[in-house]
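Enquirer: Fold the following, please.
(2 chains)
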There are 2 protein chains.
Amino acid sequence: MNARVTRPIRIGLLGAGVVGEGILQVLSDHAGSIERRMGTAIEVRRVVARDSGKPRSPRCEGLLSFDPDDVLADPEIDVVVEVMGGLEPAGDYVRRAIEAGKSVVTANKALLAEHGHALIELSEERGVDLYFEAAVAGGIPVIRVLREALASDTVVALRGIVNGTSNYILSEMKERGLDFAEALSGAQAAGYAEADPTLDVGGGDATHKLAILAMLAFGAQLRPEDIPTEGISDVAALDIQMAARFGYVIKPLAVGAELPDGSLDLRVHPALVPDSSVLASISGALNVVVLEGKMLGPCLLSGYGAGALPTAMSVVSDIVDVGRNLVVGASGRVPQRAWRGEHLSKRAVAAPGRHVCRWYLRFSVLDRPGVLARIAGVLGAFDVSIEQMLQQGRGPDSDEPVHVVMLTHEAREVDVRHALREIEMLRGMVARARALRIES
Amino acid sequence: MNARVTRPIRIGLLGAGVVGEGILQVLSDHAGSIERRMGTAIEVRRVVARDSGKPRSPRCEGLLSFDPDDVLADPEIDVVVEVMGGLEPAGDYVRRAIEAGKSVVTANKALLAEHGHALIELSEERGVDLYFEAAVAGGIPVIRVLREALASDTVVALRGIVNGTSNYILSEMKERGLDFAEALSGAQAAGYAEADPTLDVGGGDATHKLAILAMLAFGAQLRPEDIPTEGISDVAALDIQMAARFGYVIKPLAVGAELPDGSLDLRVHPALVPDSSVLASISGALNVVVLEGKMLGPCLLSGYGAGALPTAMSVVSDIVDVGRNLVVGASGRVPQRAWRGEHLSKRAVAAPGRHVCRWYLRFSVLDRPGVLARIAGVLGAFDVSIEQMLQQGRGPDSDEPVHVVMLTHEAREVDVRHALREIEMLRGMVARARALRIES
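Expert: The predicted model follows:
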């Protein structure tokens, strides 16, 4: 077959911050190899920034605009690259781009988590591409792997650590024996946490990413608010030490699996993982995603999930794929997902209470005769049986509370929650009980 | 742009064993989604098997032939899929396919390790594709990641565990306290090692894969025999226990990095890795490859590297990409590599003696006064300084040899080797000294 002569692919960039700059730099530095891989050249037509008065880099020379219509209403632009972030007006711009028949590459996780299913279906209706590698773990090609390597397989489960801030904080707490507040301050000082860290340490960021991954892996149309989410701010330095004594490390997990009845087990929460496991060894701000393919088996990807350069590089990889689709006429026809069905379907998220696993429980009690027996009695009444126990603190007849840590056998979450509520009302209990799931 | 109407891509399959069968199954089960992703359909024209008298599956009905010319000399076949294995005649068939203007997808690691550079250059001259995901760690998309995610980056280093047999054996030795021979028998019984395990436990298989990865990552034209290779058969159960006491796990590593002078540090050998590291946690027959991109940072991929289904799925992913290149007219123009240069260049492999690292040394001695002092003296004379030491065995005046294990500070390999040769000649030494590198 002869090499085709095709016109350049013209793109409009929405967003001129560090990621936008990074994209322009990579496109410029690698123009030759990009052209070879695409079969044609890329031409940046326009860069839309906010009118913030900030000086812009020389790369934007002649391209800069403050009006998004210069991209969205330009019939000659083929691909819109959205790196502004935020739900609106980015969501409005992405929708308008798709409706105007333009393919879209975006890094916007909040937008995809909230509206991804509607946008994907709109893009397929219109026959354009919507690519978003950079929205989930920027420097790790997990969307690409779901789309290409697993495209002929079925994903039965996925799990990961997808928020670098939370992983960094829990790693620091373990490495240096810090409590949460100290580790958070350190993370903020080192640039691993924002001044307002809520979305990261509260689990919301991980939930957005899990919603996107579940959409692609299981064909699920769901809302992030349907996913039970627990942040890391209640993890105490003592929990980390106790977990270590039992041979576990506490990690901020995101988990997804299909259950036999078709509902989805989706959860974000800190959990104990065996210290010999791969997940336990992924420390600092690193991310990891493990995809379990029915035929392929486990596929684990790890790397840094954030940072302007890794994110820019993921966006450029997507631009090249979208460009190739335009040249081959396959826009809107390469499913972003690894499931067999044609359409995303509303999937029920399994009620968290049904989840069965082993548990780490910690009670703070005044050490009086009979306290342990009463705790064990309540647990037993709710079918929660104790596998191991450790007590830490002064002996009996002291006025200092002691910490009693138990690892249970497998128990249903609803039973554990009921038992803990009753235990908290026993005489001698001096604080809320702590419960963490143990993932095998 | 309108969807193009293009004719089906016609493929010829060389090899009808378990992998060939797996490929036919995947192509058949996923024809619909493959067609959507490619922009056109795949048509299997011919399946060439050896005339072995074996019954063939019904999938080969009407397609079967015993004559490779039915594929290589058929002008209508676009893509040749080679899953026969072995250097010849597979190498001859691949060359002829390329010279006839056909793209090639292969799983043949020995062929690519020995002749990959020549075949890649031939394919680029002829303007056809040569894809080989399945040749390195079958179920892990490492070639794809090198080609796409790292295409706009520079790989500065790579390391991995790429032979599942060796990893399984060392994992069993650790988990169950077995010696090498016992673990090898167990691996053979469980199907993780061949009757003739030489290529696996001797390191040759890992060396082939490292040669291919180095070709793609560093643009290096080199021969597998240039890569210093050490197998795992000299690793003793005692080494694994001693390493654990120091906080290390012994893993079968493949390592590659560019040195400041442009030569390449390439090595295959068992090594001590910290027990908290990610590499230490990859056990059993799992493989792992860590690619270090200059801009992307570390990208780690792990999964099963062998097995008919994972291998078949990697081949099909390549067929889809090659098909898309044919439709877009980019055949032979998408570099399989992540380096910037146009051509592969002969690269010097750094002399192993130059390598500097910490070392694990084990000596078997009769415990007599002065033995340790003499050993330390020789080491010191060669600039090898001792960081830690452990002695295991009966006390002095016994006739049983004791084992003396030392961890050194950083030392040059050539100095360590010279020192060990001199130490082995000291009075009181009862066996060869053992040396293992410590990788951080």
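
Enquirer: According to the record, where do the domains of chain A fall?
Expert: Following automatic domain parsing, chain A resolves into domains at A:9-138+A:308-343, A:143-304, A:352-438.

Enquirer: Check whether residue A:298 really touches residue A:292, as I assumed.
Expert: Yes. Using C-beta atoms under 8 Å as the test, residue A:298 is close enough to residue A:292 to be in contact (5.4 Å). Every C-beta, even on glycine, is put in place using the N, C-alpha and C of the backbone.

Enquirer: Helix or strand: which one has the residue lying closest to residue A:360 once chain neighbours are set aside?
Expert: Excluding its sequence neighbours, the residue lying closest to residue A:360 (C-beta to C-beta, 6 or more residues apart in numbering or on different chains) is residue A:436, at 4.4 Å. Using DSSP states H and E, the element containing residue A:436 is strand A:434-438.

Enquirer: How much space separates residue A:372 from residue A:387?
Expert: The gap separating residue A:372 from residue A:387 is 15 Å, by C-beta to C-beta, to the nearest Å.

Enquirer: Help me see whether the helix or strand where residue A:244 lies makes contact with chain B, please.
Expert: According to DSSP H and E, residue A:244 maps onto helix A:237-245. No. Helix A:237-245 lies out of reach of chain B by C-beta under 8 Å from any C-beta of the partner chain, never closer than 11.8 Å.

Enquirer: what about the residue nearest to residue A:330 when sequence neighbours are not counted, neighbour count?
Expert: With sequence-adjacent residues excluded and distances taken as C-beta to C-beta, 6+ apart, residue A:330 is closest to residue B:39, at 4.0 Å. Counted with other C-beta atoms under 10 Å in any protein chain shown, residues neighbouring residue B:39 total 25.

Enquirer: Phi, psi for residue B:39 please.
Expert: Here is the backbone geometry of residue B:39 (degrees, to the nearest 10): phi 90, psi 0.

Enquirer: try the one 5 residues further on
Expert: According to degrees, to the nearest 10, the main-chain angles of residue B:44 amount to phi -80, psi 120.

Enquirer: just so I know, which of the domains of chain A lies nearest residue B:239?
Expert: domain A:143-304 (19.3 Å; C-beta to C-beta).

Enquirer: Straight-line length of that closest one, end to end?
Expert: Across domain A:143-304, the terminal residues are separated by 15 Å (C-alpha to C-alpha, to the nearest Å).

Enquirer: end-to-end on stretch A:214-224?
Expert: So stretch A:214-224: terminal residues 10 Å apart, C-alpha to C-alpha.

Enquirer: my bad, stretch A:81-92
Expert: Note: stretch A:81-92 ends 14 Å apart using C-alpha to C-alpha.

Enquirer: What mean pLDDT does it get?
Expert: The pLDDT scores in stretch A:81-92 average 94.

Enquirer: now check that stretch, is it near chain B?
Expert: No. Using C-beta under 8 Å from any C-beta, stretch A:81-92 never reaches chain B; the gap is at least 14.9 Å.

Enquirer: ranges for the helices of the stretch 101-250 of chain A?
Expert: Using DSSP state H, counting those that start in this stretch, the helices of the stretch 101-250 of chain A run over A:109-126, A:142-144, A:164-176, A:180-189, A:198-201, A:204-218, A:237-245.

Enquirer: Highest mean neighbour count across those helices, which stretch is it?
Expert: Sort the helices of the stretch 101-250 of chain A by mean neighbour count, taking mean count of other C-beta atoms under 10 Å in any protein chain shown, and helix A:204-218 sits at the top with a mean of 26.

Enquirer: pLDDT weak spots in chain A?
Expert: A:1-6, A:149-152, A:333-343, A:395-398 (pLDDT under 70).

Enquirer: Longest helix in it, by number of residues?
Expert: Longest helix in chain A, counting residues (DSSP state H): helix A:308-328.

Enquirer: any idea how far it is from the chain center?
Expert: 21 Å (C-alpha atoms, centre = their mean, to the nearest Å).

Enquirer: go on, stretch A:361-381?
Expert: Centre-to-centre, stretch A:361-381 and its host chain are 37 Å apart (C-alpha atoms, centre = their mean).

Enquirer: buried sites along that stretch?
Expert: A:361-367, A:371-372, A:374-376, A:378-379 (16 or more other C-beta atoms under 10 Å in any protein chain shown).

Enquirer: Kindly report the same for stretch A:382-402.
Expert: Neighbour-count burial for stretch A:382-402 [16+ other C-beta under 10 Å]: A:382, A:384, A:386, A:401-402.

Enquirer: Show residues contacting it.
Expert: A:238, A:242, A:245-246, A:358-359, A:364-369, A:372, A:376, A:379, A:403-409, A:411-412, A:415-416, A:418-419, A:422, A:430-431 (C-beta atoms under 8 Å, 6 or more residues apart in numbering or on different chains).

Enquirer: can you do 6 Å?
Expert: Contact with stretch A:382-402 is made by A:364, A:366-367, A:403-409, A:411, A:415-416, A:418-419, A:430, as judged by C-beta atoms under 6 Å, 6 or more residues apart in numbering or on different chains.

Enquirer: And these, which is closest to residue A:281?
Expert: Closest to residue A:281, out of all of the contacts of stretch A:382-402 and judged by C-beta to C-beta, is residue A:407, at 21.4 Å.

Enquirer: how much space between that closest one and chain B?
Expert: 21 Å (C-beta to the nearest C-beta, to the nearest Å).

Enquirer: Next up, phi/psi of that residue, please.
Expert: phi -110, psi 130.

Enquirer: how deep is it tucked in, by neighbour count?
Expert: Around residue A:407 there are 20 residues (other C-beta under 10 Å).

Enquirer: From chain B, how far off is residue A:247?
Expert: Taking C-beta to the nearest C-beta, one finds residue A:247 at 13 Å from chain B.

Enquirer: Could you do residue A:263 as well?
Expert: From residue A:263 to chain B the distance is 25 Å (C-beta to the nearest C-beta).

Enquirer: just checking, that residue touches residue A:345?
Expert: No. Taking contacts as C-beta atoms under 6 Å, residue A:263 lies outside contact range of residue A:345: 11.9 Å.

Enquirer: Give the full set of residues in contact with the closest residue to residue A:60 other than its chain neighbours.
Expert: Nearest residue to residue A:60, sequence neighbours excluded (C-beta to C-beta, 6+ apart): residue A:47, at 4.9 Å. Residues in contact with residue A:47 (C-beta under 6 Å, 6+ apart) are A:13, A:16, A:60, A:63-64.

Enquirer: what sits against residue A:207?
Expert: Contacts of residue A:207 (C-beta under 6 Å, 6+ apart): A:224, A:227, A:229, A:268.

Enquirer: Next up, identify which helix or strand the residue nearest to residue A:60 is on.
Expert: Counting by DSSP H and E, residue A:47 is part of strand A:42-48.

Enquirer: Identify the neighbouring strands of that strand in the sheet and state each direction.
Expert: strand A:9-14 (parallel), strand A:64-65 (parallel) (DSSP bridges).

Enquirer: Which positions in the stretch 201-350 of chain A make contact with chain B?
Expert: Within the stretch 201-350 of chain A, the positions near chain B by C-beta under 6 Å from any C-beta of the partner chain are A:278, A:281, A:295-304, A:309-310, A:313, A:316-317, A:324, A:326-330, A:333-334.

Enquirer: That's all I had, so thanks and see you.
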